[in-house]
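> With the sequence up front, the predicted model follows.
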Amino acid sequence: MNHVKQWGWITFGCLCVAIGIQFLTASNLVIGGTAGLGIVLQHLTGISFGVLFFIINLPFYFMALTQIGLQFTIKSFISVSLMSVMSDLLAANFSFALPHPLVAAVLGGIIVGIGLIFLFRHGSSLGGINMLCVFLDKRFGINPGKTMLLTDVLIVGSATVVFGVVQVLYSLIGIFIMTGLLGRYHKRSPIERTGEHIEEEAKQQTASTM
């Protein structure tokens, strides 16, 4: 039952992120991380966001597998797949246009932030920068909000050429809201506690063989 409940919250988190991204893209706004890259490439290539997001994240699974663990990697792969499918289905069946980009930035930032919190708390992520955030938090205790803020500012700043300065400024508002929520409400995820438990067992086994 716990596994069912956990995957229910992970699915809910993926849905939140997918909805938030649709609000942003409908107003020509971007977000950081691999999602931001996916939005920019969608604008340049015409390929759906879901397909691009799935492809962009493929190289990051090796890092997650070797540095964080198999369970986290599997959860993240499934989460990325779910979010990719949800994003394309939402884009094909619903309109997310809002009257002003500022409204889209605030609403999108809040919804994406909530989704990421649920994913992190249940030992998953949406790949890419999210994996880097969890890795740095697990190994060095660096708050995911700070890591995401820095990388997001760099990625969104590079999108100025594609979307223009005004749209990027609105996008930054959404990013600050998202990372603010993540930094305030993030707590240690099960993957971190599991990692510590595994390390403790390894130490005990080593001691018993000496």
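Happy to help now that I have it.
> shaky segments in the chain?
Applying pLDDT under 70 to the chain flags the ranges 1, 130, 186-210.
> can you map out the helices along this protein?
Remark: helices assigned in the chain by DSSP state H are 2-26, 33-45, 49-57, 60-67, 70-93, 101-121, 129-140, 144-158, 160-163, 165-185, 190-209.
> could the ones you listed go into CSV alongside mean neighbour count?
(Glycine included, C-beta is placed from N, CA and C.) Converted to CSV, the helices of the chain look like this (neighbours: other C-beta atoms under 10 Å):
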stretch, mean neighbour count
helix 2-26, 19
helix 33-45, 21
helix 49-57, 22
helix 60-67, 16
helix 70-93, 19
helix 101-121, 23
helix 129-140, 20
helix 144-158, 19
helix 160-163, 14
helix 165-185, 19
helix 190-209, 12
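> List the contacts of residue 185.
residue 117 (C-beta atoms under 8 Å, 6 or more residues apart in numbering).
> Look up how far residue 57 lies from it.
24 Å (C-beta to C-beta, to the nearest Å).
> can you pull the contacts of the residue nearest to the spatial centre of the chain?
Most central in the chain under C-alpha atoms, centre = their mean is residue 126, positioned 4.2 Å from the mean C-alpha point. Residues in contact with residue 126 (C-beta under 8 Å, 6+ apart) are 14, 17, 33, 34, 35, 57, 76, 79, 80, 83, 116, 119.
> separation between the nearest residue to residue 117 once chain neighbours are set aside and residue 113?
Leaving aside its chain neighbours, residue 117 sits nearest to residue 185 (5.4 Å; criterion: C-beta to C-beta, 6 or more residues apart in numbering). If you measure residue 185 against residue 113 using C-beta to C-beta, the figure is 8 Å.
> repeat for residue 5
Applying C-beta to C-beta to residue 5 and residue 113 gives a distance of 22 Å.
> What of residue 65?
In terms of C-beta to C-beta, residue 65 sits 27 Å off from residue 113.
> And for residue 66?
28 Å.
> Please apply the same query to residue 106.
Distance from residue 106 to residue 113, by C-beta to C-beta: 11 Å.
> which residues do the two both contact?
residue 177.
> Name the nearest residue to residue 139, sequence neighbours excluded.
Using C-beta to C-beta, 6+ apart, the closest residue to residue 139 is residue 67 (8.0 Å).
> got it, and residue 111?
residue 20 (3.5 Å).
> ok, that neighbour - contacts?
Counting by C-beta under 8 Å, 6+ apart, residue 20 has contacts 107, 108, 109, 110, 111, 112, 113, 115.
> does the fourth one really touch residue 179, like I thought?
No: under the criterion of C-beta atoms under 8 Å, residue 110 lies out of contact with residue 179, with a separation of 11.6 Å.
> Surely residue 136 touches residue 147?
Yes: using C-beta under 8 Å, residue 136 is in contact with residue 147, at 5.4 Å.
> next one: stretch 79-91 to chain centre, how far?
13 Å (C-alpha atoms, centre = their mean, to the nearest Å).
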